[in-house]
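S.K.: coords below, sequence missing:
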């Protein structure tokens with residue numbers, strides 16, 4: 001349905017139906033519809049919506065049906081082709097359904113069947129996707145501006161607001177409908193008629209067959225119930241339903257429409273997904289505010305500001321009753337000054353900013369997120385139709401006490417407990433199936449042990465579609481995840497994808513899928529000769545071994561594959577690191593880091609020693625890319641294989657005059673860059689800093705331009721305090737006592753500078769710097785500039 005305005009009970013003389021044109025989600029429209037139905041007392045209520053949902057209407061009066069909810073239609077063979085029709089507590093259609101059910105009055109949906117609308121969408125992939133009302137999102141007037149290049153579309157709400165002298169359509173709607181109440185249907189219906197006389201279909205060509213189908217359904221209801229028929233639809237459609245057409249003409253508009261087999265059910269919805277900011281074409285700006293207006297029995301402004309005060313107090317902000325009273329007075333005063341019938345959201349927001357937030361907009365973001373929009377999640381009864389996979393998921397959610405919620409929730413799991421381990425397996429299985437209910441997160445407590453996991457949970461309505469899609473893999477979460485893992489392993493194109501899948505299978509507890517995954521892994525590993533592929537695959541495989549041990553899984557086959565893969569990496573890595581360009585060298589350094597992290601997790605001392613020998617070969621071999629040699633030297637230093645003298649020797653060789661400046665800069669980046677704590681290493685080891693300083697001072701001016709980007713990238717990764725300390729050390733000179741204090745380095749520095757001893761080394765330094773004349777050259781202060 002289009003974003004429309006509300007229109008008034010419009011009953012043609014004689015036996016015409018009562019036409020209640022509404023805006024889909026508005027408390028004023030909802031109250032007006034209820035009053036109009038009370039006055040008209042129709043024998044049947046017709047509602048804009050898919051007719052396939054007629055059988056689901058009785059579920060709306062179940063005690064455990066709590067809006068916001070939505071009708072979900074999806075193509076049976078392609079669940080991903082789907083559409084939603086949302087209903088909030090304050091939606092006029094929902095109020096009409098509740099009114100009819102309470103009185104035993106039949107309810108029918110009269111929009112174009114979902115079987116046609118979804119088939120039309122599939123037939124023309126260039127059309128925009130069906131929005132939450134079952135219409136093409138491109139046909140929503142709210143999308144007119146962004147899609148003007150496609151066709152000229154009319155936003156009726158905006159046109160009427162501008163005609164009335166408003167620059168804000170939402171504010172106009174509040175003033176005319178939400179705050180005034182009363183019978184506004186007839187006036188707005190006439191306004192819509194005038195618009196359609198001028199604009200025709202307004203650029204919404206797909207409305208033509210929809211409105212033809214609606215007219216046919218209205219005629220059928222009139223034949224059955226006479227003139228006691230009420231129609232609740234978007235006000236944009238009211239003029240079309242009044243239009244005098246023949247049955248034959250309407251049927252001709254529907255002839256030849258494609259059709260698909262669809263299933264329909266109720267699913268939970270959220271206030272956040274009702275918001276226009278979510279991309280919902282018929283969305284509103286403030287679903288939480290509208291829900292408050294509809295549910296508040298009286299004094300809505302006072303009750304709203306009380307809610308705001310409660311939220312701010314929960315955030316440890318000082319808000320007293322006097323603040324609330326003053327905010328109420330200010331909001332009402334602003335409404336009078338602005339000529340509004342009642343204080344609206346704009347006035348209450350301005351009052352909150354001035355009084356409760358002391359002029360700050362920062363708390364307003366929280367208020368908007370938690371109250372103006374809100375995190376309300378609806379519920380549907382168990383009797384609602386659902387695929388078997390959804391029922392199994394619901395059962396597990398209940399047994400594991402993992403209730404879906406619209407608000408983001410942090411969940412810390414201790415895998416040593418049965419319940420938490422089961423929760424972990426469920427969340428990992430759902431992720432494997434593409435149902436991203438939970439996302440792995442860093443623990444708030446900073447724990448990184450293998451016995452703990454942290455998750456961020458948030459249930460979005462679209463996940464119901466993902467569950468329906470995943471239903472093709474099995475009727476239970478376990479069976480579906482197993483089948484999906486096996487299929488993903490067979491179709492995986494990269495070895496790293498298979499090893500990552502093995503890790504996911506262990507975390508998800510899928511023992512039946514592991515044999516297939518391991519067979520594919522062994523086959524791919526045997527055929528893949530690319531060292532980069534092998535190195536990229538090893539870390540996930542080792543993590544799988546580690547996490548498999550935590551979960552008590554038999555990982556013998558994984559251990560054999562991991563050992564063989566590691567040995568192939570060790571053999572192939574040295575030749576693979578030769579003659580690399582800059583990009584390939586950076587990628588290979590990443591592989592070295594990844595393999596080192598993986599080997600560190602293995603409990604095989606022989607494998608670790610073998611890896612260290614490979615690193616030493618790489619660190620000392622000519623022809624290996626500088627960034628790789630530097631990184632290997634740093635790893636060996638951190639591991640204790642090299643001492644500081646060895647590291648200084650390797651650095652001296654790498655920074656010797658015979659090494660090209662760009663290659664030497666790459667070695668420095670590998671040794672002290674990449675977030676490896678290299679800055680602190682230079683701070684605490686002034687010999688290494690002096691070597692870098694001396695090398696950089698000797699870089700010719702023309703070459704310095706080439707190495708500067710590498711140096712900046714290296715030093716920019718350091719913490720600001722580290723960069724500042726290095727700058728001070730370079731400025732003062734590494735032999736000064738102040739430098740020693742700043743560095744916190746080893747003892748051995750005198751209290752004061754010994755100028756005579758310092759001058760004794762100047763001739764040698766000049767020779768090393770290539771400046772026997774005693775000048776500093778163009779690059780004399782280059783290191784200090786690079787650090788800064």
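M.R.: Structure's in. What do you need? Just so it is clear, the model here is predicted, and its values are computed rather than measured.
S.K.: which parts of the stretch 201-350 of the chain are strands?
M.R.: With strands called from DSSP state E, counting those that start in this stretch, the stretch 201-350 of the chain shows them at 229-234, 262-268.
S.K.: make TSV from these and add distance to residue 39 and mean neighbour count to it.
M.R.: C-beta: built from backbone N, CA, C; applies to glycine. Listed next are the strands of the stretch 201-350 of the chain as TSV, based on distance: least, Cβ to Cβ, whole Å; neighbours: other Cβ atoms under 10 Å:
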stretch	distance to residue 39	mean neighbour count
strand 229-234	10	27
strand 262-268	30	22
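S.K.: now those in a markdown table, with mean pLDDT and distance to residue 510?
M.R.: Formatted as a markdown table, the strands of the stretch 201-350 of the chain follow (pLDDT from 0 to 100; distance: least, Cβ to Cβ, whole Å):
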| stretch | mean pLDDT | distance to residue 510 |
| --- | --- | --- |
| strand 229-234 | 93 | 48 |
| strand 262-268 | 91 | 27 |
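S.K.: can I get those in TSV with distance to residue 512?
M.R.: As requested, those are exported to TSV (distance: least, Cβ to Cβ, whole Å):
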stretch	distance to residue 512
strand 229-234	51
strand 262-268	29
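S.K.: where in this structure is pLDDT low?
M.R.: 1-15, 123-153, 178-183, 202-203, 276-281, 443-450, 547-557, 674-678, 733-751, 771-788 (pLDDT under 70).
S.K.: list the contacts for the residue of it positioned farthest from its centre?
M.R.: No residue in the chain sits farther from the centre than residue 756, which is 64.7 Å out by Cα atoms, centre = their mean. Shown in contact with residue 756 (Cβ atoms under 8 Å, 6 or more residues apart in numbering): no residues.
S.K.: phi first, then psi, for it.
M.R.: Residue 756 has phi and psi values of phi -70, psi -40 when expressed as degrees, to the nearest 10.
S.K.: go on, residue 508?
M.R.: phi -80, psi -10.
S.K.: quick check: it vs residue 425, distance?
M.R.: Residue 508 sits 6 Å away from residue 425, going by Cβ to Cβ, to the nearest Å.
S.K.: for residue 336, same thing?
M.R.: 60 Å.
S.K.: those two: which is more packed in?
M.R.: residue 425 (21 against 11; other Cβ atoms under 10 Å).
S.K.: how many neighbouring residues does the residue nearest to the more buried one when sequence neighbours are not counted have?
M.R.: Closest residue in space to residue 425, ignoring its immediate chain neighbours: residue 509 at 4.1 Å, by Cβ to Cβ, 6 or more residues apart in numbering. When neighbours are defined as other Cβ under 10 Å, residue 509 has 19 of them.
S.K.: equivalent analysis for residue 703, please.
M.R.: Around residue 703 there are 16 residues (other Cβ under 10 Å).
S.K.: isn't there a strand covering residue 603?
M.R.: No. Under DSSP: H, G, I helix; E, B strand; the rest coil, residue 603 falls outside any strand and is assigned coil.
S.K.: circling back to that earlier point, I'd say the residue nearest to residue 425 and residue 423 touch.
M.R.: No. Using Cβ atoms under 8 Å as the test, residue 509 is too far from residue 423 to be in contact (11.3 Å).
S.K.: quick one, what contacts the closest residue to residue 167 other than its chain neighbours?
M.R.: For residue 167, ignoring the flanking residues on the chain, the nearest one in space by Cβ to Cβ, 6+ apart is residue 161 at 7.6 Å. Residue 161 makes contact with 167, 168, 169, 171, 172, 173, according to Cβ under 8 Å, 6+ apart.
S.K.: got the angle for whatever helix or strand residue 161 lives in vs strand 229-234?
M.R.: Using DSSP states H and E, residue 161 maps to helix 156-163. If you take axes from the mean of the first three to the mean of the last three Cα atoms, to 10 degrees, helix 156-163 sits at 80 degrees to strand 229-234.
S.K.: give me the buried positions along helix 156-163.
M.R.: 156, 157, 158, 159, 160, 161 (16 or more other Cβ atoms under 10 Å).
S.K.: what is the nearest of these to residue 638?
M.R.: When these are ranked by distance to residue 638 (Cβ to Cβ), residue 158 comes first, at 63.5 Å.
S.K.: okay but that closest one is in contact with residue 170, surely?
M.R.: No. Counting by Cβ under 8 Å, residue 158 does not reach residue 170; the two are 9.9 Å apart.
S.K.: coming back round to it: from residue 766, how far out is the residue farthest from the centre of the chain?
M.R.: Counting by Cβ to Cβ - residue 756 and residue 766 are separated by 17 Å.
S.K.: go on, residue 426?
M.R.: Counting by Cβ to Cβ - residue 426 and residue 766 are separated by 70 Å.
S.K.: neighbour-wise, which of these two wins?
M.R.: residue 426 (23 against 15).
S.K.: next helix or strand past the helix or strand hosting that one?
M.R.: For residue 426, the host element (DSSP H and E) is helix 418-432. Per DSSP H and E, the first helix or strand lying C-terminal to helix 418-432 is strand 438-441.
S.K.: now find how far off-centre that following strand is within its chain.
M.R.: On the basis of Cα atoms, centre = their mean, to the nearest Å, strand 438-441 sits 11 Å off its chain's mean C-alpha point.
S.K.: touching, residue 36 and residue 19? I think so.
M.R.: No. The pair residue 36 / residue 19 is not scored as a contact, 9.9 Å apart, by Cβ under 8 Å.
S.K.: so between these two, which is more surrounded?
M.R.: Neighbours were counted for residue 36 and for residue 19 using other Cβ under 10 Å; residue 19 has more, 28 against 24.
S.K.: my guess is the more buried one contacts residue 189, does it?
M.R.: Yes. Here residue 19 lies in contact with residue 189, judged by Cβ under 8 Å, at a distance of 6.9 Å.
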